[in-house]
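Chemist: missing the sequence, but the structure's below:
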């Protein structure tokens, strides 16, 4: 009876070992999972009249979990966005209006960062997992651009919400076969009403008599955001004339009276009283020409020399 006890103990130990080995064989490896986050891409105030691209850089971070001490391959995919897309061009919208932009994975802005629309691609990021099965990679640059040549856009706040899908795998070049997780970030831009102005010289030329009025013409060039109302005003010149028909050119202590008008018949003086003697128009997003009609009325001829004045032209929108 004393010999039977060791046999029974040995059997129990044997069964326990087999159970432990079987458990180790059938336990599955931890499945990898990655989540991508991106800070909002904010272009701020953009000037679409300038005809230049507007570039900024954002930041992307990826966090993964999986089998300890392994490398996970993550592919963050960005959707076309809530503003829609045409081919590989994304759009931000403000009501029914749109502004084209895009997101890129390279500083040269040639590789559209997409993956879930059009024929665009997404970068593959290698994430090393530590002994706890966790790993992350932050500060991944996201390059954004508002395209040039959009001067016809209307002023407004434009936005698009970009959905994120993160594919993950364990073999280089095959992360698209792994698990997926979601997310989103916003892209915004403010296009405020913008105007540019060019005011060339108004030259009356040479004269020896003012027995009759002397006329001259020049052209202001104004470009304002499409659909924006604006007014063009002119001050009283260096002499501060309150009557736009009694401005003065000067040479030393001598003066020469002249006037500026909005119409070719020279009946509508051009001054700075809004809505009264200013010029009103609406921007088209392109350059608009506004003639300035000058006149030196009949008066005594001052001493010879070059007479001049400086008039400040202002565009108000």
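Modeler: Sure thing, it's come through. Note that this is a predicted model, so its numbers are computed, not measured.
Chemist: and the closest residue to residue 205 other than its chain neighbours, what helix or strand is that in?
Modeler: Among residues not flanking residue 205 along the chain, residue 216 sits closest, at 7.0 Å (Cβ to Cβ, 6 or more residues apart in numbering). No exception for glycine: its C-beta is placed from N, CA and C like everyone else's. Using DSSP states H and E, residue 216 sits within strand 214-224.
Chemist: Pull out the buried residues from that strand.
Modeler: Along strand 214-224, the positions that meet the burial threshold by neighbour count (16 or more other Cβ atoms under 10 Å) are 214, 220, 222, 223, 224.
Chemist: confidence score at the closest residue to the first one other than its chain neighbours?
Modeler: Okay, so that is residue 214. Leaving out its chain neighbours, the residue that sits closest to residue 214 by Cβ to Cβ, 6+ apart is residue 296, at 4.3 Å. Predicted confidence (pLDDT) for residue 296: 98.
Chemist: if I look at residue 296, how far off is residue 215?
Modeler: Relative to residue 215, residue 296 is positioned 8 Å away (criterion: Cβ to Cβ, to the nearest Å).
Chemist: Check whether the closest residue to residue 208 other than its chain neighbours sits in a helix, strand or coil.
Modeler: Of all residues beyond its chain neighbours, the one nearest residue 208 is residue 301 (7.4 Å), with distances taken as Cβ to Cβ, 6+ apart. Classification of residue 301 using DSSP: H, G, I helix; E, B strand; the rest coil returns coil.
Chemist: so how many other residues sit close to residue 301?
Modeler: The criterion is other Cβ atoms under 10 Å. On that basis, residue 301 has 11 neighbouring residues.
Chemist: Looks like it contacts residue 211 (just checking).
Modeler: No. Taking Cβ atoms under 8 Å as the definition, residue 301 is not a contact partner of residue 211, at 9.1 Å.
Chemist: Can you pull the residues that touch both of these two?
Modeler: None of the residues lies in contact with both residue 301 and residue 211 under the rule Cβ atoms under 8 Å, 6 or more residues apart in numbering.
Chemist: pLDDT on the following helix or strand past the strand holding residue 216, on average?
Modeler: Using DSSP H and E, the helix or strand that follows strand 214-224 towards the C-terminus is strand 229-234. Along strand 229-234, the predicted confidence averages to a pLDDT of 98.
Chemist: Please name every helix or strand in contact with strand 229-234.
Modeler: Helices and strands touching strand 229-234, as assessed by 3 or more Cβ pairs under 8 Å, 6 or more residues apart in numbering; DSSP states H and E, comprise strand 214-224, strand 279-282, strand 313-316.
Chemist: ok and it relative to strand 214-224, angle-wise?
Modeler: For the pair strand 229-234 and strand 214-224, the angle between their directions (axes from the mean of the first three to the mean of the last three Cα atoms, to 10 degrees) equals 150 degrees.
Chemist: Adjacent strands (with direction) for strand 229-234?
Modeler: Next to strand 229-234 in the sheet, as set by DSSP bridges, lie strand 279-282 (antiparallel), strand 313-316 (antiparallel).
Chemist: in the first one, what's buried?
Modeler: Within strand 279-282, the residues that qualify as buried are residue 279, counting by 16+ other Cβ under 10 Å.
Chemist: repeat for the last one
Modeler: Under the neighbour-count criterion of 16+ other Cβ under 10 Å, strand 313-316 has 313, 315 buried.
Chemist: what does it contact?
Modeler: The set of residues that contact strand 313-316 without belonging to it, under Cβ under 8 Å, 6+ apart, is 195, 197, 199, 220, 222, 224, 230-235, 272, 274.
Chemist: could those go into a markdown table alongside distance to residue 132?
Modeler: Output for these, formatted as a markdown table (distance: Cβ to Cβ, whole Å):
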| residue | distance to residue 132 |
| --- | --- |
| 195 | 59 |
| 197 | 63 |
| 199 | 69 |
| 220 | 69 |
| 222 | 64 |
| 224 | 59 |
| 230 | 62 |
| 231 | 67 |
| 232 | 68 |
| 233 | 69 |
| 234 | 73 |
| 235 | 72 |
| 272 | 72 |
| 274 | 69 |
